[in-house]
Structures are given as C-alpha cells and as structure tokens.
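Visitor: mind folding the following:
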Amino acid sequence: MLDRDLLYQKFIVEDKSVEEVAKYFNTTIGSINYWNQKYNFHKRKEWKNEEIEYLKENFSSEPIEEIARKLNRNVSAVISKSRRLRIGSISANMDNLSAYQLGKALGIQARDVVNFINKYGLKARKVKLIKRRVYRIKLSNFWKWAELNKDKIHWEKVEKNILGKEPPWVDDARKEVDIATKKKYTKWSEYEKDKLKFYYNKGLTYKEIANRLNRGIATVRAMRKRMGLPNKIIELKWQDEEVEILIDMAFKGYKDEEIAEELGRSKKMVVYKKANLREKGILPNFRKIKKLSQPVSKNDNSINSNSL
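Guide: Presented below is the predicted three-dimensional model:
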C-alpha cells in the first residue's frame, strides 16, 4: 500500500509524472495508476511546447486569467507553471496586480489593500475568476493614489523599487516616516482605529494587535474600551480567498505565524483552521510527509510492485 500523503505530495503538489513517481517508490507505473485512482488523484494535463511558448510570450502582457482561459487551464496551474519556468514576477504583471501581490510588496495583508479600495478610493477593477470576482490594480493608479495617501502606507517596510521605478516623492516619504517614528506619538488616527477594530474582530490578541500597530498593550486595551468594542472577541467567518491563501502558503512551507501575519488572524486561529482542512482531506499532514520524504531504498520491500 502506498502512503496517501506522500503520493499526494509527489504526484499533485510536486507535479511529477507517473513515471517519475513510480521510480521514486521503486514500483510499477500500473501500481501508481491503481493508487491514484483509488485515492481519486487526477493526473494534471501535460503542458505542450506551444502552450509553454505562449505562456512565456504573453505572461508579462496579458492578465493571468486571460492566459488561463485561452489555454483552457485554471489560474493556479498557470501561476504554478510560470514559477517552475521562472518567468514573471510582480514587476512582470504591473497592470494586473492582485490585492495579494500589492499587499506583499507593501508589507501588508491583502485585506488592507481591499480596504484601501473600498474605503479610501484606490482605483481597481473587478475581474471574474472561475468561482469568484477579485480586484486588479494598475500600478499607475496605485502611485497616483499613494501620493495622496502617504500616511496610510509604512514606507519604511517597502523594499526600494520592488514595484519597479518609483516616483521621486517616495524617497521623501520614507525620510518623513523615519523622522515621525522617532517622535512620541499619542493621538490615534481614524485609520488606526479601523485597523484595531479589524484585528480585534479577527481574533488577534492584544499583544499581536499592539505589535502590528506599534502601540503598547495597555494602550490598545484602553482604546478598545473607549471605542465600545465588546470584551469578548468575535470570530469572523473564514472567506474563500483567505482559505486559498492559507492553503497556498502552507504548501510553500510558511510558518503558522507568517500565515497569520498575512491573513491578519491570530496564530491560534490559523492552527485550528489547518487542522480542520486536514480533517476534510484538503491539506495533507506535512509533518508526516517530511518524515516520509526520504527516498525509498530499493531494498525496502514494504513498497514495491507486489503491493497490489
């Protein structure tokens, strides 16, 4: 019998061919096909040379969703293939940045970017994916908005030129932030209050909120009371986009703390959600995979063609 989690890791996550997986397990192709069918693992559609060439030629000029539609593939497959081929990056898709991509570049969460769009006027368009609609932001629109909303971005956290050539005013904004952080800050801005409410309702602890707002724990607790927020933390329902990001980051090996930081949730909530996804068979047991990821010895008779 082949280990389900390890087979999933090799065949689905690492996208290896049946021949490669059979060689890894030191068994036959028929055996791999049998267990893939038994576990309901479907082989991914192989990429043709002309499809790869199309991807290379159009990745930087067309939206990823449009490329996926023309190639009759899902968006995640196109992104995964582009990463394996080492083509494209944030700068390669500048006129079609997702909230996740822009947030990553700015050192904030995707939710913060969506908040900029819905509450503070950042211009964006909605595009339809397979099951949902998502935002896409033009870089030129972002820079126009950012110049008028410098105080909403922690410029000291933004890597220089990560979004391509920066407007001249960005360096000045970084210097202003450096000066401002050296001064004692006491008054809460409306934006900070919005962030506190958001994090609090997400289930973050006072310590986690204080760290993200660069405030003291006692100050955060006092402001929560002043704002009339209930003493009991309210747990917000997980959104589909949050779950997708959690799964993607988990497969890439990010720590629970890093996933929590990205989603604006507490580490405890991330751990619980991952356990829930494992129970549903959506996430494999990564600890077990790591333990079993050593190549199988040819002398090991526990997994071979006779396992059927």
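
Visitor: against residue 220, how distant is residue 98?
Guide: Distance of residue 98 to residue 220, computed by C-beta to C-beta, to the nearest Å: 30 Å. All C-beta spots, glycine's among them, are computed from the backbone N, C-alpha and C.

Visitor: look at the two and report which has more neighbours.
Guide: residue 220 (24 against 21; other C-beta atoms under 10 Å).

Visitor: next up, identify which helix or strand that one is on.
Guide: helix 217-226 (DSSP states H and E).

Visitor: at the geometric centre of this protein, which residue sits there?
Guide: Residue closest to the mean C-alpha point of the chain, counted by C-alpha atoms, centre = their mean, is residue 245 at 3.9 Å.

Visitor: just after the one helix or strand that one maps to, pick out the following helix or strand.
Guide: Per DSSP H and E, residue 245 falls inside helix 240-251. Note on helix 240-251: by DSSP H and E, the next helix or strand toward the C-terminus is helix 256-263.

Visitor: that next one to helix 240-251, inter-axis angle?
Guide: In terms of direction (axes from the mean of the first three to the mean of the last three C-alpha atoms, to 10 degrees), helix 256-263 departs from helix 240-251 by 150 degrees.

Visitor: name the residues that touch helix 256-263?
Guide: Residues outside helix 256-263 that contact it (C-beta atoms under 8 Å, 6 or more residues apart in numbering) are 109-111, 208, 242, 245-246, 249-250, 254, 266-267, 269-271, 274.

Visitor: please apply the same query to stretch 34-53.
Guide: Contacts of stretch 34-53 (C-beta under 8 Å, 6+ apart): 1-2, 4, 7-8, 11-12, 15, 18, 71, 73, 77, 81, 85, 308.

Visitor: now it: buried residues?
Guide: 35, 36, 39, 41, 47, 51 (16 or more other C-beta atoms under 10 Å).

Visitor: how about the strands of the chain, start to end?
Guide: 97-98, 125-128, 133-137 (DSSP state E).

Visitor: would you turn the ones you listed into TSV with mean pLDDT and distance to residue 176?
Guide: TSV is the format used below for the strands of the chain (pLDDT from 0 to 100; distance: least, C-beta to C-beta, whole Å):
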stretch	mean pLDDT	distance to residue 176
strand 97-98	78	25
strand 125-128	77	31
strand 133-137	80	24
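
Visitor: just the buried subset of the contacts of helix 256-263, please.
Guide: Buried among those by 16+ other C-beta under 10 Å: 109-111, 208, 242, 245-246, 249-250, 254, 266-267, 269-270, 274.

Visitor: among those, which has the minimum pLDDT value?
Guide: pLDDT across the buried ones among the contacts of helix 256-263 is at its lowest for residue 266, which sits at 77.

Visitor: ok so, going back, quick one: which of the contacts of helix 256-263 is nearest residue 194?
Guide: Lowest distance from residue 194 to the contacts of helix 256-263 (C-beta to C-beta) belongs to residue 111, with 11.4 Å.

Visitor: residues contacting the closest one?
Guide: With C-beta under 8 Å, 6+ apart, residue 111 has these contacts: 99, 103, 198, 263, 264.

Visitor: got the end-to-end distance for stretch 230-246?
Guide: One end of stretch 230-246 to the other measures 28 Å (C-alpha to C-alpha, to the nearest Å).

Visitor: next, the buried residues of it.
Guide: For stretch 230-246, burial by neighbour count (16+ other C-beta under 10 Å) applies to 233, 241, 242, 245, 246.

Visitor: name the residues that touch that stretch?
Guide: Residues from elsewhere that reach stretch 230-246 (C-beta under 8 Å, 6+ apart): 100, 110, 131-132, 134, 200-203, 259, 262-263, 265, 269-270, 273-274, 277.
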